[in-house]
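> Have a look at this fold, sequence not included:
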């Protein structure tokens with residue numbers, strides 16, 4: 001009952017906040033209450049015989065404030081969609097009679113299960129694991145399952161202190177930390193162990209550890225004879241001190257003997273063994289200290305000999321590789337100017353497109369006959385499972401999980417824009433307009449900035465954006481320099497200059513939209529999280545053109561950030577270490593420009609954030625308060641990096657943004673800010 005009251009009270013709060021901020025949402029537009037009925041799909045996998053598709057279907061557990069996953073099956077023509085079992089990450093056995101998947105079990109947490117895909121549908125937990133498994137993959141003979149799991153290494157440092165008196169309640173012993181990389185956002189402390197490879201009998205049994213030592217393992221791909229597993233790692237002394245270094249290895253399943261397959265300086269990984277077992281496809285690049293560099297797709301013999309580049313002329317990063325069944329080449333995706341499509345590269349290095357379209361398409365599997373299944377989303381379509389033949393790529397939807405909540409709803413239209421920024425750089429962006437947009441009217445404008453900073457916005461369906469424009473607002477989102485999807489030079493353009501000219505890119509986009517004559521310049525707002533929070537804080541220190549801002553999960557002081565974030569690699573994003581010369585860290589810190597800020601600026605950060613820890617937010621809040629600039633610090637409970645992983649926190653994020661922006665116009669700002 002308490003949970004029900006909490007959700008009801010939250011929805012009431014959200015509704016009132018939205019009403020204060022903007023015109024109340026109409027019944028034909030998306031609102032925050034409807035978000036609680038939103039569903040999602042993930043990780044579709046085609047049966048070996050092509051007669052069924054298994055996929056994950058996610059929904060919001062309103063009572064426990066979390067997303068839940070279940071496995072569903074559907075025929076390749078979209079018929080007979082039905083529930084299978086609670087869980088995720090399904091993988092078909094080679095003969096198609098079973099699926100392996102991950103679900104909660106004994107003794108606790110995520111465990112590996114196998115379900116028979118016959119009428120009985122019996123399930124078995126195959127092992128009782130102490131840590132959560134990942135990357136489960138069937139051996140080609142169907143007898144074993146390989147997976148990754150963290151193996152804890154106990155601290156061997158012991159100190160002697162007097163014994164506690166009988167019945168005494170002493171403070172818990174301290175945690176001893178001794179590694180360079182000792183914690184990770186959304187995980188917590190990671191210094192207690194390393195990710196290792198295991199195998200377990202598919203019928204159930206005791207897992208057997210294949211790798212060992214102070215090294216992290218990533219990914220895995222079986223050889224077709226089920227004798228070896230190819231994986232990524234860096235198995236050298238003091239591996240955690242190596243930046244942008246990784247290699248590909250193979251481990252003998254019977255003996256645990258490990259052989260190194262690659263040896264060049266630079267990161268190599270994402271290995272996939274060819275169906276005939278003669279070749280390995282992988283991604284990587286030569287080592288560089290550039291801020292960003294697109295990777296390439298490579299091919300080598302199974303023993304590591306004759307490595308060669310297949311995508312040398314493609315200045316985009318290959319992702320999601322799947323071998324053609326006849327060993328003729330590899331299917332893969334890459335992000336390009338706000339889109340993602342499937343491509344094919346032959347073993348001779350000839351690249352050809354498979355799909356085309358202004359969408360984001362991620363293929364999960366391709367069978368022997370060339371049938372593919374994946375997830376597609378576009379500007380007005382949430383993600384759904386699609387199927388198509390790689391020989392005739394006409395995408396047909398297999399699911400429509402949000403048709404019910406979208407029926408009768410009017411969505412905002414998305415306009416693609418290109419404009420010229422400083423240095424003549426061409427920048428892409430999108431302007432999302434409210435339903436019923438009237439070009440004769442002037443609307444408030446929200447500028448949304450992505451994080452990363454190496455990331456790519458795309459115009460795919462966004463519930464958050466649609467609820468913003470449902471309040472009769474314009475929303476602009478762009479890919480300034482530093483973004484991915486436009487080549488290495490574009491991504492690396494912020495090297496030793498972030499924030500910098502990317503600020504100019506954002507302002508040029510705002511100027512373009514203002515030039516259309518549809519913006520109420522008295523009501524312009526800016527917000528973003530992570531890298532978007534950095535740039536928002538930078539913007540208010542360099543211009544007063546916005547009526548209000550929300551710098552979410554930001555970095556405010558690079559000097560304090562590099563030593564407290566969840567990894568030491570950020571030290572490498574500056575020309576010099578801070579104790580050698582702190583000038584660059586200071587020059588690029590929004591804190592150094594707080595004396596210029598007159599824009600009312602809210603801050604929102606998760607209290608558990610390890611990526612941009614909340615002391616960064618606190619520094620900016622205290623500085624703004626000291627200067628009497630209107631501000632508020634919203635500290636999100638049960639959130640790591642970001643503010644929206646919990647459904648209720650997504651609602652709060654939207655509501656606080658709309659309420660904060662609804663408080664401010666340029667005229668009101670001028671009257672209240674000293």
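That came through, no problem. What you see is a predicted model; the values in this text were computed from it and never measured.

> Tell me where this structure has helices.
2-21, 32-35, 403-406, 463-469, 488-491, 501-514, 531-540, 558-561, 583-587, 614-626, 647-663, 666-672 (DSSP state H).

> buried sites along the third one?
In this case it means helix 403-406. 405-406 (16 or more other C-beta atoms under 10 Å). Every residue, glycine included, has its C-beta placed from N, CA and C.

> Report the distance from it to the chain centre.
From the chain centre to the centre of helix 403-406 is a distance of 25 Å (C-alpha atoms, centre = their mean, to the nearest Å).

> Mind listing residues that contact that helix?
Applying C-beta atoms under 8 Å, 6 or more residues apart in numbering, the contact partners of helix 403-406 are 34, 37-38, 382.

> Buried subset of these, written for PyMOL?
Applying 16+ other C-beta under 10 Å to the contacts of helix 403-406 leaves a buried subset, and the PyMOL line that selects it is:
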select buried, resi 34+38+382
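
> Give me the subset of the contacts of helix 403-406 lying in strands.
Counting by DSSP state E, the part of the contacts of helix 403-406 found in strands is residue 382.

> just curious, which of the contacts of helix 403-406 is nearest to residue 638?
Set against residue 638, the nearest of the contacts of helix 403-406 by C-beta to C-beta is residue 38 (19.4 Å).

> Next, the contact list for that closest one, please.
59-60, 382, 402, 405, 463.

> can you check residue 57 too?
39-42, 69-72, 399, 401 are the contacts of residue 57 under C-beta under 8 Å, 6+ apart.

> Adding distance to residue 433, write the contacts of residue 38 out as a markdown table.
Output for the contacts of residue 38, formatted as a markdown table (distance: C-beta to C-beta, whole Å):
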| residue | distance to residue 433 |
| --- | --- |
| 59 | 30 |
| 60 | 28 |
| 382 | 19 |
| 402 | 21 |
| 405 | 21 |
| 463 | 17 |
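
> In a markdown table: these, plus distance to residue 199 and pLDDT.
Converted to a markdown table, the contacts of residue 38 look like this (distance: C-beta to C-beta, whole Å; pLDDT from 0 to 100):
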| residue | distance to residue 199 | pLDDT |
| --- | --- | --- |
| 59 | 33 | 97 |
| 60 | 36 | 97 |
| 382 | 38 | 96 |
| 402 | 39 | 97 |
| 405 | 43 | 94 |
| 463 | 41 | 97 |
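
> how many other residues sit next to residue 286?
Other residues near residue 286 come to 10 when the count uses other C-beta atoms under 10 Å.

> What about the spatially closest residue to it that is not a sequence neighbour? Give its phi and psi, please.
Leaving aside its chain neighbours, residue 286 sits nearest to residue 266 (4.7 Å; criterion: C-beta to C-beta, 6 or more residues apart in numbering). Phi and psi for residue 266, reported as degrees, to the nearest 10, are phi 140, psi 170.

> Residue 266: how many residues sit nearby?
Neighbour count for residue 266, taken as other C-beta under 10 Å: 16.

> Going by neighbour count, list what's buried in stretch 181-201.
Neighbour-count burial for stretch 181-201 [16+ other C-beta under 10 Å]: 182, 185, 190-200.

> how far out from the middle of the chain is that stretch?
19 Å.

> pLDDT weak spots in the chain?
Applying pLDDT under 70 to the chain picks out residues 1-26, 673-674.

> mind checking the longest strand of it?
Counting by DSSP E, the longest strand found in the chain is strand 519-529.

> Tally up the residues packed near residue 495, please.
Counted with other C-beta under 10 Å, residue 495 comes out at 16.

> could you measure it against residue 489, distance?
With distances taken as C-beta to C-beta, to the nearest Å, residue 495 is found 10 Å from residue 489.

> now residue 515
The gap separating residue 515 from residue 489 is 28 Å, by C-beta to C-beta.

> and what of residue 203?
From residue 203 to residue 489 the distance is 53 Å (C-beta to C-beta).

> For residue 417, which non-adjacent residue is closest in space?
Nearest one to residue 417, counting by C-beta to C-beta, 6+ apart, is residue 429 at 5.0 Å.

> Which residues does the one you found form beta bridges with?
Under DSSP bridges, the beta-bridge partners of residue 429 are residue 417, residue 478.

> One more: residue 116?
residue 98.

> and it, how many residues sit next to it?
So residue 116, with other C-beta under 10 Å, has 14 neighbours.

> separation between it and residue 99?
In terms of C-beta to C-beta, residue 116 sits 9 Å off from residue 99.

> so how far is residue 73 from the nearest residue to residue 72 once chain neighbours are set aside?
The shortest distance from residue 72 to any non-neighbouring residue, by C-beta to C-beta, 6+ apart, is to residue 57 (4.8 Å). Using C-beta to C-beta, residue 57 is found at 10 Å from residue 73.

> same deal with residue 67?
The value you get for residue 67 to residue 73, if C-beta to C-beta is used, is 20 Å.

> the more surrounded of the two?
Neighbour count, other C-beta under 10 Å: between residue 67 and residue 73, residue 73 has more, with 18 against 15.

> ok now do that one, which residues does it touch?
With C-beta under 8 Å, 6+ apart, residue 73 has these contacts: 52-55, 80-82, 84.

> all strands for the stretch 151-300 of the chain, in order.
183-184, 188-189, 193-201, 208-209, 218-222, 228-233, 247-252, 258-260, 268-273, 279-284, 296-301 (DSSP state E, counting those that start in this stretch).

> Switch those over to TSV; also include distance to residue 623.
Shown next, in TSV, are those (distance: least, C-beta to C-beta, whole Å):
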stretch	distance to residue 623
strand 183-184	27
strand 188-189	29
strand 193-201	39
strand 208-209	50
strand 218-222	40
strand 228-233	43
strand 247-252	45
strand 258-260	50
strand 268-273	41
strand 279-284	43
strand 296-301	44
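
> so which of those strands comes closest to residue 532?
Once the strands of the stretch 151-300 of the chain are compared by C-beta to C-beta, strand 183-184 is nearest, at 21.0 Å.

> Identify all contacting residues around that closest one.
Here strand 183-184 makes contact (C-beta under 8 Å, 6+ apart) with 189-191, 566-567, 610.

> for stretch 209-220, same thing?
Outside stretch 209-220, the residues that touch it by C-beta under 8 Å, 6+ apart are 135, 137, 146-148, 151, 153, 194-199, 229-235, 239, 246, 251, 253, 256, 258, 269-271.

> Please, a PyMOL command that selects the buried ones among those residues?
Buried residues among the contacts of stretch 209-220 (16+ other C-beta under 10 Å), as a PyMOL selection:
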select buried, resi 135+137+146+147+148+194+195+196+197+198+199+229+230+231+232+233+234+235+239+246+251+253+258+269+270+271
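
> show me what contacts residue 326?
Residue 326 is in contact with residue 275, counting by C-beta under 8 Å, 6+ apart.

> Next, work out how far apart it and residue 427 are.
42 Å.

> do the same with residue 407
Taking C-beta to C-beta, one finds residue 407 at 36 Å from residue 427.

> And for residue 430, the neighbour number?
21.

> My error: substitute residue 659 in the last question.
Using other C-beta under 10 Å, residue 659 has 20 other residues around it.

> returning to that earlier point: settle it for me: which of residue 515 and residue 489 has more neighbours?
Legend: neighbour count by other C-beta under 10 Å for residue 515 and residue 489, higher for residue 489 (13 against 10).

> rewinding a little: thought residue 243 was touching the residue nearest to residue 286, still the case?
No - contact between residue 266 and residue 243 fails when scored by C-beta atoms under 8 Å: they sit 10.7 Å apart.

> so how many other residues sit close to residue 31?
So residue 31, with other C-beta under 10 Å, has 20 neighbours.

> that older thread, would you mind listing the residues in contact with the residue nearest to residue 286?
244-245, 284-288.

> Which of those has the largest number of neighbours?
residue 284 (23 neighbours).
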